[in-house]
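**Q** Kindly generate the corresponding structure for this input.
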Amino acid sequence: MNTIALKQDGSILLNGKTVATELLKVLGFRVELEEGYPLRGYFEMLEKHSLLMELNDFFPVYREEFRDCPKNGCCFNGIDYLEFSKTIEMIGFPGKRLEIYTSLMGIYGKETCEIKSLQLENLLDLPVKLGKLKHVIFGDRVDIFEFDTVYTLFEFIDGIAWELSFHGTPKQCEIRR
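**A** All right, here's what the predicted structure looks like:
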């Protein structure tokens with residue numbers, strides 16, 4: 001499988017060379033993240049490669065929110081890093097229903113934590129890591145099997161966009177003290 005590297009500055013590299021055009025050809029390629037790749041790198045990638053903005057209707061809203069955030073220091077003290085992972089879940093028996101979905105979760109120590117209530121400005125400078133594939137059988141979340149897996153550029157872009165669509169309380173709705 002062809003592999004591309006995502007850099008912190010938003011660059012996409014294929015065989016060590018920057019991909020400037022032909023972005024659609026690399027959407028199915030395996031993704032590797034530069035060490036320390038922050039969520040900010042994801043938004044820098046969208047800024048550099050405007051064609052990718054066509055993949056999701058919410059991207060213009062996210063871009064404006066990103067542009068309004070501070071240029072650095074956008075971290076949350078209770079999270080060490082963000083983990084992007086994939087889950088395959090068998091739902092019923094003898095049914096044939098199977099769900100496959102991605103998640104973006106905060107990791108603190110060895111514990112996972114929801115990030116949906118946090119603003120983007122609290123997450124941008126947290127490192128993102130690619131997690132293992134989790135296999136859940138019949139809702140048993142105690143005995144989850146984990147496997148090494150790969151993520152494509154499309155899965156990475158779309159999965160984070162999907163998570164962000166459920167993310168955060170609009171600042172206008174937050175209760176101020």
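
**Q** what's the burial count for residue 105?
**A** 18 (other Cβ atoms under 10 Å). Where you see a C-beta, it was placed from the backbone N, CA and C, and this is true even at glycine.

**Q** The residue nearest to the spatial centre of the chain and residue 97, how far apart?
**A** Nearest to the mean C-alpha position of the chain, counting by Cα atoms, centre = their mean, stands residue 160 at 3.5 Å. Using Cβ to Cβ, to the nearest Å, residue 160 is found at 25 Å from residue 97.

**Q** Low-confidence regions, this protein specifically.
**A** For the chain, the stretches with pLDDT under 70 are 92-95, 138-143, 167-177.

**Q** So which bits of stretch 146-160 are buried?
**A** Residues of stretch 146-160 classed as buried: 151, 152, 153, 154, 155, 156, 157, 159, 160 (neighbour count, 16 or more other Cβ atoms under 10 Å).

**Q** Likewise for stretch 22-31?
**A** Of the residues in stretch 22-31, 23, 26, 27, 29, 30, 31 count as buried by neighbour count, 16+ other Cβ under 10 Å.

**Q** Could you work out the end-to-end span of that stretch for me?
**A** One end of stretch 22-31 sits 16 Å from the other (Cα to Cα, to the nearest Å).

**Q** contact partners of that stretch?
**A** Stretch 22-31 has contacts (Cβ atoms under 8 Å, 6 or more residues apart in numbering) with 1-6, 12, 14, 19, 49, 51-52, 130, 150-157.

**Q** Off-centre distance for it?
**A** Centroid separation for stretch 22-31 versus its chain: 16 Å, with Cα atoms, centre = their mean, to the nearest Å.

**Q** so what's the residue nearest to residue 56 when sequence neighbours are not counted up against?
**A** Of all residues not flanking residue 56 in the chain, residue 161 sits nearest, at 4.3 Å (Cβ to Cβ, 6 or more residues apart in numbering). Shown in contact with residue 161 (Cβ under 8 Å, 6+ apart): 55, 56, 58, 59, 62.

**Q** hmm, which two among those are most spread apart?
**A** Using Cβ to Cβ, the two most remote members of these are 55 and 62, lying 11.5 Å apart.

**Q** Which one of the two is surrounded by more residues?
**A** Comparing residue 55 with residue 62 by other Cβ under 10 Å, the one with more neighbours is residue 62, at 20 against 15.

**Q** Tell me where the protein has strands.
**A** With DSSP state E, the ranges of strands along the chain come out as 3-6, 12-14, 17-18, 30-33, 81-90, 98-108, 111-113, 128-137, 145-147.

**Q** so residue 100 makes contact with residue 85?
**A** No - using Cβ atoms under 8 Å, residue 100 is not in contact with residue 85; the gap is 11.7 Å.

**Q** Among these two, which residue is more densely surrounded?
**A** Per other Cβ under 10 Å, whichever of residue 100 and residue 85 has more neighbours is residue 85, with 20 against 10.
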